[in-house]
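**Q** Using only what follows, build the 3D model:
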Amino acid sequence: MAQQTYLSREGIESLEKELQELKTKKRQEIAKRLQEAKDLGDLSENAEYFEAKEAQSFNENRISELQGLLKNAVTIEASNKEDNVGMGSKVEVKSDNGTEMFRIVGSAEANPQEGKISNESPLGRAFLGRKIGEEIEINTPGGINKYKIIKIER
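**A** The predicted model follows:
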């Protein structure tokens, strides 16, 4: 049995959009590049042809990857428990770095630069099930980081 992928509705929509673009627009662009390279003649020393074939391989691998993710996707539904952090929750915390906002998402959707942290990450695991006012200490390679939950949104 394949491993489940936890995604928000927005994450599923984003992956479906990317998949559609790769299967249509990107495939057409690559097919055009391949034809143009073939029209140049000798393929044995044709750098454009090899680059287009590499792009085609990458595109088809990404399509396969996305199809697998979507096939095994489980939609994250925000919990009705307003007082606990769960999958899909937005968590506002206070730390030594000031106030930060995180959203708990599945690992396939995680993007720390956007504040989306995986439920499988040390920080995500530490927040799950916690309530407003709770303080959490996380041991990281850089030392111990302290967080206090000040707000939970769905």
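**Q** Local confidence estimate at Ser89?
**A** Reported pLDDT at Ser89 in the predicted model: 89.
**Q** That one reaches Ile132, doesn't it?
**A** No. Ser89 is beyond contact range of Ile132, at 11.2 Å (criterion: C-beta atoms under 8 Å). The way it works is simple: take the backbone N, C-alpha and C, and place the C-beta from them, glycine included.
**Q** shared neighbours of the two, which are they?
**A** Common contacts of Ser89 and Ile132, defined by C-beta atoms under 8 Å, 6 or more residues apart in numbering, comprise Ile152.
**Q** Compare those two (neighbour count), which wins?
**A** Neighbours were counted for Ser89 and for Ile132 using other C-beta atoms under 10 Å; Ser89 has more, 24 against 15.
**Q** SS state for the nearest residue to the more buried one once chain neighbours are set aside?
**A** In this structure, Ser89 finds its nearest non-sequential neighbour in Ile104, 5.1 Å apart by C-beta to C-beta, 6 or more residues apart in numbering. Of the three states, Ile104 takes strand according to DSSP: H, G, I helix; E, B strand; the rest coil.
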